[in-house]
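Colleague: fold the following and give me the result.
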Amino acid sequence: MKKRDLEIQLERVRKFNDPDPSLEQYPTPSVLATDILFLAYSEGDIFEKKVNDLGCGTGIFSIGAWLLGGNVEGFDISEKAISVAKENATAFNAGIPFTVCDIRDVARKADTVIMNPPFGSQNKHADRPFLDKAMECDSVYSIHMEKTLPFLEEYIKENGKEVVYRKRYKYHIPHTFSFHSRTGQDIDVVMVVIR
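Modeller: Got it, this is the predicted structure:
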């Protein structure tokens with residue numbers, strides 16, 4: 001599958017119907033998801049690998065990794081998100097199991113984790129349980145606010161891992177919640193690869 005073909009497919013993934021602001025449920029843009037998935041694929045971290053999508057939301061990373069030949073499972077604490085993720089998987093005829101659970105309770109061991117955890121805007125350090133669980137595997141691809149990169153790298157180092165690659169993106173957050181004052185906002189994020 002070509003990169004552009006994957007992006008076109010991921011544009012079909014339905015977004016949140018009723019997002020929960022406390023969980024920071026923002027849709028991952030398909031162009032960003034495609035770029036990260038293709039990097040992971042080119043590094044040998046998806047095809048025929050066990051891939052966990054932590055905080056999977058409506059399943060964009062899960063479906064993308066499945067389309068690229070991964071053995072994928074998605075996990076999220078939100079029943080509403082998992083319901084939409086299952087509908088999305090059905091639309092793609094994708095046999096992806098999705099489980100409602102706290103990330104700390106994920107028992108499935110994986111080769112690779114791909115995730116877009118909460119940025120910690122609503123709950124400080126909300127991304128730490130995701131990082132802790134993700135770092136139990138060999139390769140992690142994770143999105144974070146760029147301004148947190150120094151703290152992020154230090155936290156990862158303290159846990160015996162290393163950021164081996166980083167890439168910056170503009171992440172568009174549409175006007176989603178009543179407390180949003182603008183029609184949308186672009187924020188600076190960084191995707192890190194942890195090994």
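Colleague: strands of this structure, start to end?
Modeller: Along the chain, counting by DSSP state E, strands occupy 50-54, 71-76, 98-100, 112-115, 139-145, 163-174, 184-194.
Colleague: list the buried ones in the longest one?
Modeller: Spelled out, that is strand 163-174. 163, 169, 171, 173 (16 or more other CB atoms under 10 Å). (Each C-beta comes from the backbone N, C-alpha and C, glycine too.)
Colleague: ok, and the closest non-adjacent residue to residue 143?
Modeller: In space, residue 143 comes closest to residue 116 once its chain neighbours are excluded; the distance is 4.5 Å by CB to CB, 6 or more residues apart in numbering.
Colleague: next up, the contacts around the residue lying closest to residue 29 once chain neighbours are set aside.
Modeller: Leaving aside its chain neighbours, residue 29 sits nearest to residue 172 (6.1 Å; criterion: CB to CB, 6+ apart). Residue 172 sits next to 29, 184-186 when contact means CB atoms under 8 Å, 6 or more residues apart in numbering.
Colleague: want to throw those residues into JSON lines with neighbour count, pLDDT and distance to residue 74?
Modeller: Formatted as JSON lines, the contacts of residue 172 follow (neighbours: other CB atoms under 10 Å; pLDDT from 0 to 100; distance: CB to CB, whole Å):
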{"residue": "29", "neighbour count": "19", "pLDDT": "94", "distance to residue 74": "18"}
{"residue": "184", "neighbour count": "10", "pLDDT": "75", "distance to residue 74": "26"}
{"residue": "185", "neighbour count": "12", "pLDDT": "84", "distance to residue 74": "27"}
{"residue": "186", "neighbour count": "10", "pLDDT": "89", "distance to residue 74": "27"}
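Colleague: still on that earlier bit, quick one: closest of the strands of the chain to residue 152.
Modeller: strand 139-145 (5.5 Å; CB to CB).
Colleague: any idea of the angle the closest one forms with strand 50-54?
Modeller: Per axes from the mean of the first three to the mean of the last three CA atoms, to 10 degrees, the angle that strand 139-145 makes with strand 50-54 is 20 degrees.
Colleague: and stretch 86-106, end to end?
Modeller: Chord length of stretch 86-106, first to last residue, is 18 Å (CA to CA, to the nearest Å).
Colleague: nope, stretch 97-116 is what I was after
Modeller: This stretch, stretch 97-116, spans 18 Å end to end (CA to CA).
Colleague: can you pull out the helices in the protein?
Modeller: Under the criterion DSSP state H, helices of the chain are mapped to 3-10, 30-42, 60-67, 79-91, 128-134, 149-158.
Colleague: show me what the fourth one is packed up against.
Modeller: Counting by 3 or more CB pairs under 8 Å, 6 or more residues apart in numbering; DSSP states H and E, the packing neighbours recorded for helix 79-91 are helix 60-67, strand 71-76, strand 98-100.
Colleague: just the CA atoms of the first one, as PDB, please.
Modeller: Once side chains and other backbone atoms are set aside, the C-alpha atoms of helix 60-67 remain, and they are given as PDB (Å, rounded to 0.1, in the frame of the first residue of the first chain):
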ATOM      1  CA  ILE A  60      -7.300   5.400  13.500                       C
ATOM      2  CA  PHE A  61      -3.900   4.000  14.500                       C
ATOM      3  CA  SER A  62      -5.400   0.500  14.900                       C
ATOM      4  CA  ILE A  63      -7.000   0.400  11.500                       C
ATOM      5  CA  GLY A  64      -3.900   1.900   9.800                       C
ATOM      6  CA  ALA A  65      -1.600  -0.600  11.500                       C
ATOM      7  CA  TRP A  66      -4.000  -3.400  10.500                       C
ATOM      8  CA  LEU A  67      -4.000  -2.200   6.900                       C
END
